[in-house]
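Visitor: build me a model from this:
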Amino acid sequence: MYLWGSKELVKLSRKSAVVLPAWERTALGVAAAAYVLAWIIGLGIGFSFPSPDASGNEWVNYLQSHQSLAVLQEYLIHGIAAIALIIFAAAVYTILRGGGALGALPAVAFGGAIAAASVSLTQATVGQVLASKAAPTGDASLVTSLVGLDIQADTYKLLGLILLVVCASVALAGIRAVPRWVMWGGIVVGVLLLLGSWSSPVNFAPLGLALDLSLLGLLAWVGVVAFFLMRSKSLMGGA
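Guide: Residues are numbered from 1 along each chain as shown. Next comes the predicted model:
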């Protein structure tokens, strides 16, 4: 693998030697596809949502009229995506450990995925309660509080995603499971995620742009990593 030195990456091992069973390779690909599609479809059906800083009454009116749509979006982008992320990260962790990745990077990457998925599932629960229980009461103050909780939780979910993307990118490049440019791309996505994590507590337009770009980068990173791991001959195995 490669570890950060004072001037360059220090080579510690030659290449990945792990053989991933066919069903695990399939699970990796399906999880990556499910994660990306859940986000794309979820964002597609939620394009008409009010802005995060809309009034409580505006949110109440919208959720009362689009309850099923709101619940479905939460189920996709915070529920299905969270489970898919755990499966994807578990497969990456298996590859890293089997490939001889040293140090804490594999564990930190997987831990970051678990943290992010946990926050995401909490968001799914809050969003479902918001749409199916709180909004029908017409209590604008309660709805505003739950909307704020759902949105602000992104700050801490993104921190977990940073650990996953950056640590997994460096470790995978270290065992030569992905090209070096994927590692650098992952680091860039990590920086965007860090900037985007401040878009909720700090009302600053460039941070909102960073959040949007970080989502595109995250989805691209998951797809690219899955592509290279799925096609790697050194990871092919039997059932």
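
Visitor: roughly how far apart are the most centrally placed residue in the chain and residue 169?
Guide: The structure's the chain has its C-alpha centroid closest to residue 161; by CA atoms, centre = their mean the separation is 5.4 Å. As judged by CB to CB, to the nearest Å, residue 161 and residue 169 stand 12 Å apart. (Glycine included, C-beta is placed from N, CA and C.)

Visitor: and residue 68, by the same measure?
Guide: Counting by CB to CB, the gap from residue 68 to residue 169 is 38 Å.

Visitor: who's more crowded, those two?
Guide: residue 169 (25 against 9; other CB atoms under 10 Å).

Visitor: chain neighbours aside, what residue packs nearest to that one?
Guide: residue 186 (2.7 Å; CB to CB, 6 or more residues apart in numbering).

Visitor: does the one you found belong to a helix, a strand or coil?
Guide: Counting by DSSP: H, G, I helix; E, B strand; the rest coil, the backbone at residue 186 sits in helix.

Visitor: the residue nearest to the centre of the chain belongs to a helix, doesn't it?
Guide: Yes - the assignment for residue 161 (three-state DSSP) places it in a helix.

Visitor: apart from its neighbours in sequence, what residue is nearest it?
Guide: Per CB to CB, 6+ apart, closest to residue 161 is residue 116, 4.8 Å.

Visitor: who's in contact with that neighbour?
Guide: Listed by CB atoms under 8 Å, 6 or more residues apart in numbering, the contact partners of residue 116 are 82, 85, 157-161, 164.

Visitor: and if you look at residue 213?
Guide: For residue 213, the contacting residues are 192, 196, by CB under 8 Å, 6+ apart.

Visitor: one more pass at 10 Å, please.
Guide: Shown in contact with residue 213 (CB atoms under 10 Å, 6 or more residues apart in numbering): 188-189, 192-193, 195-196.

Visitor: now do residue 185
Guide: By CB under 10 Å, 6+ apart, the residues touching residue 185 are 165, 169, 178-179, 217, 220-221, 224-225.

Visitor: how about stretch 182-199: buried residues?
Guide: 182-183, 185-186, 188-197, 199 (16 or more other CB atoms under 10 Å).

Visitor: how distant is the longest helix seen in the chain from the center of its chain?
Guide: The longest helix of the chain (DSSP state H) is helix 205-231. Chain-centre distance of helix 205-231: 9 Å, with CA atoms, centre = their mean, to the nearest Å.

Visitor: any low-confidence regions in this structure?
Guide: Counting by pLDDT under 70, the chain has low-confidence residues at 1-20, 47, 233-239.

Visitor: returning to what we had before: look up phi and psi at the residue nearest to residue 161.
Guide: Here is the backbone geometry of residue 116 (degrees, to the nearest 10): phi -60, psi -40.

Visitor: ok, it to residue 133 distance?
Guide: Applying CB to CB to residue 116 and residue 133 gives a distance of 26 Å.

Visitor: at which residues are the helices of this structure located?
Guide: With DSSP H as the criterion, the chain has helices at 22-45, 56-65, 67-74, 81-98, 105-129, 135-137, 140-152, 154-174, 180-196, 205-231.

Visitor: any idea which of those is most buried?
Guide: Between those, helix 154-174 has the highest mean count of neighbours, a mean of 24, where neighbours are mean count of other CB atoms under 10 Å.
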